[in-house]
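>>> I would like the atomic coordinates for the input below:
(one chain, ligands or ions: 1)
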Amino acid sequence: MTPAPAPRAVSLAYDMNPFDAVKLFFDRAADHIGLADEMREVLRTSYRELTVQVPIRMDDGQLKVFTGYRVQHNAARGPYKGGIRYHPDADLDEVRALAALMTWKTAVVDIPYGGAKGGVQCDPTTMSEGEKQRLTRRFTQMISYILGVNRDIPAPDVNTDAQTMAWMMDAYSGRYGYTPAIVTGKPVELGGSYGRDAATGRGVVYALAEAAGDLGIELDGAAVAIQGFGNVGSWTARLIGGRGCRVVAVSDVRGGIYKEDGLDVQAVYDHVRESGSVVDAPATERITNDELLELDVDVLIPAALDRVINDRNAQNVKARVVVEAANHPVTPAADAILQDRGVVVIPDILANAGGVTVSYFEWVQNIQQFRWEEDHVNDELRKTMSRAWKNVHDRAAVDGIPLRLAAFAIAVEKVERAARLRGYV
Ligand code: NAD
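Numbers count the residues shown, from 1 in each chain. From the prediction side, this is the model:
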């Protein structure tokens, strides 16, 4: 019999597996609150991990087999909830990490959900609409046995959007009857919520505004750089101007653009709609994604992929505040470096929780078969983000710990309490 591989030493290097990194953040919180070992074992790993084969007939007649995942981390506080990502690098460890982050995120903002995540390893940029639709329908069918309005409710994430959710909803409804509440982030015409599309970016801006108020950071005239110009990055860019900030740089997978006195964000958005990229937007200078992260700005907002701020570049980050709009954009090694250098990091499980918060509002509206006005959605979102920020900030101040540890400590305590009340352990 081949001996089992030795457990991998936890390294703080750039290439630390994302699930190890999330477990490290969890372990630090568990140590801080003195969590019992038996409970650690329950909360460190996923409840259920489903890997499925997704065969699709491509437009050229070839059959291609994709691999898809749905990981359900914990449902002590409510149904599993989390997005679906289409990306060539999507793998089980990444999906596990993101599922666990969802458990902690829903607890930080105190909405009645657990955590899950899904993904399909594919490159949607090379696929036609028909191929993406067939992939989505088949994947939905494969994972439908573990979904449910009171069991597990997907949403959009990287490279998936309202259209993807419409296909998922239709595929699920074809099997189980009309079920709009099975996914959130749907088009408004199909029961989506007003304000959901902008919600993650809006929540990022609310979190930054709250932090600025409490930490004495002047936002009026502050220079901001945003990596990623998809759902989260572009909405953040469009809304942050309302706080007096100047967006000096944005980027996407093809590269970045810079303008010292501030980009015309609407013009950049229009350029993206025409050309598919921010690159070469009129009256801007070209920069690389690496350069964007090291710009001399007041606020840096990674809003693309994970681990972009790591032990190779954290020393060069000049921003005073990093707002984690993406999930897990800062590795544990980089987190320590930023902390030593006095950079404030608003952690992902707080900063980008606006998306899942308005997803919750969408689910509530679907169940009640009632629609809220957009102002009402945004107002409830603001209150949720403000409460969550206050709890995290107060906990950090009282315990003398960084914001990330405070957020994890609050979340782990909430999930532990729910698990005990339910008699899980
Ligand atoms: P998206 O697919 O809409 O946009 C992703 C953006 O990142 C695009 O502009 C893309 O070009 C860019 N990008 C991709 N690879 C890149 C690279 N290597 N370098 C630089 N830029 C790159 O995705 P999204 O929904 O905006 O999600 C972005 C991040 O926010 C992810 O980490 C996601 O998990 C997180 N998030 C999303 C939501 C949501 O509601 N959509 C909620 C919470 C967190």
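>>> the closest residue to residue 210 other than its chain neighbours: what's it in contact with?
In space, residue 210 comes closest to residue 389 once its chain neighbours are excluded; the distance is 4.0 Å by Cβ to Cβ, 6 or more residues apart in numbering. C-beta: built from backbone N, CA, C; applies to glycine. When contacts are counted by Cβ atoms under 8 Å, 6 or more residues apart in numbering, residue 389 touches 206, 207, 210, 211, 214, 350.
>>> was I right about the fifth one contacting residue 393?
What it means is residue 214. Yes. In this structure residue 214 lies within contact range of residue 393 using Cβ atoms under 8 Å: 5.5 Å.
>>> picking up where we left off before, now the residue nearest to residue 210, what's its secondary structure?
helix (DSSP: H, G, I helix; E, B strand; the rest coil).
>>> that one and residue 244, how far apart?
Using Cβ to Cβ, to the nearest Å, residue 389 is found at 19 Å from residue 244.
>>> and if you look at residue 310?
Taken as Cβ to Cβ, the span from residue 310 to residue 244 is 31 Å.
>>> looking at the two, which is more packed in?
Between residue 310 and residue 244, counting by other Cβ atoms under 10 Å, residue 310 is the more crowded of the two (22 against 11).
>>> got the confidence number for the more buried one?
Residue 310 carries a pLDDT value of 95.
>>> go on, residue 6?
36.
>>> quick check: residue 328 touching residue 348?
Yes. Residue 328 lies in contact with residue 348 (Cβ under 8 Å); the separation is 6.2 Å.
>>> which of those two has more residues huddled nearby?
residue 348 (27 against 24).
>>> contacts only, for the more buried one.
By Cβ under 8 Å, 6+ apart, residue 348 lies in contact with 101, 105, 324, 325, 326, 327, 328, 329.
>>> can you put the residues you listed in JSON lines and add distance to the ligand?
Shown next, in JSON lines, are those (distance: Cβ to the nearest ligand atom, whole Å):
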{"residue": "101", "distance to the ligand": "9"}
{"residue": "105", "distance to the ligand": "8"}
{"residue": "324", "distance to the ligand": "9"}
{"residue": "325", "distance to the ligand": "6"}
{"residue": "326", "distance to the ligand": "3"}
{"residue": "327", "distance to the ligand": "4"}
{"residue": "328", "distance to the ligand": "7"}
{"residue": "329", "distance to the ligand": "7"}
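>>> average pLDDT for stretch 120-131, rounded please.
Mean predicted confidence for stretch 120-131 is 98.
>>> scratch that, stretch 278-292 is what I was asking about
97.
>>> and what of stretch 27-38?
97.
>>> list the buried ones in it?
27, 28, 29, 30, 32, 35 (16 or more other Cβ atoms under 10 Å).
>>> please apply the same query to stretch 165-185.
165-172, 179-185.
>>> touching the ligand at all, that stretch?
No. Using Cβ under 6 Å from any ligand atom, stretch 165-185 stays clear of the ligand, coming no nearer than 6.7 Å.
>>> contacts for that stretch, please.
Taking Cβ under 8 Å, 6+ apart as the rule, stretch 165-185 contacts 83-84, 133, 136-137, 140-141, 144, 147-149, 153-156, 161-162, 186-187, 190-193, 196-197, 355, 358-360, 362-363, 366-367.
>>> just the residues you listed that are near the ligand?
156, 355.
>>> list the helices and strands the helix or strand bottoming out on mean pLDDT in the chain packs on?
Every helix and strand in the chain was compared by mean pLDDT, DSSP states H and E; the lowest is helix 37-44, with a mean of 94. Contacts defined by 3 or more Cβ pairs under 8 Å, 6 or more residues apart in numbering; DSSP states H and E place helix 37-44 against helix 18-33, helix 403-422.
>>> sorry, back to before: ok, the buried residues of stretch 165-185 vs the ligand, which is closest?
residue 185 (6.7 Å; Cβ to the nearest ligand atom).
>>> now the helices for the chain?
18-33, 37-44, 92-108, 129-143, 162-176, 196-215, 231-240, 265-275, 289-293, 332-340, 348-351, 354-368, 374-399, 403-422 (DSSP state H).
>>> quick one: the third one to helix 37-44, angle?
Using axes from the mean of the first three to the mean of the last three Cα atoms, to 10 degrees, the direction of helix 92-108 lies 110 degrees away from that of helix 37-44.
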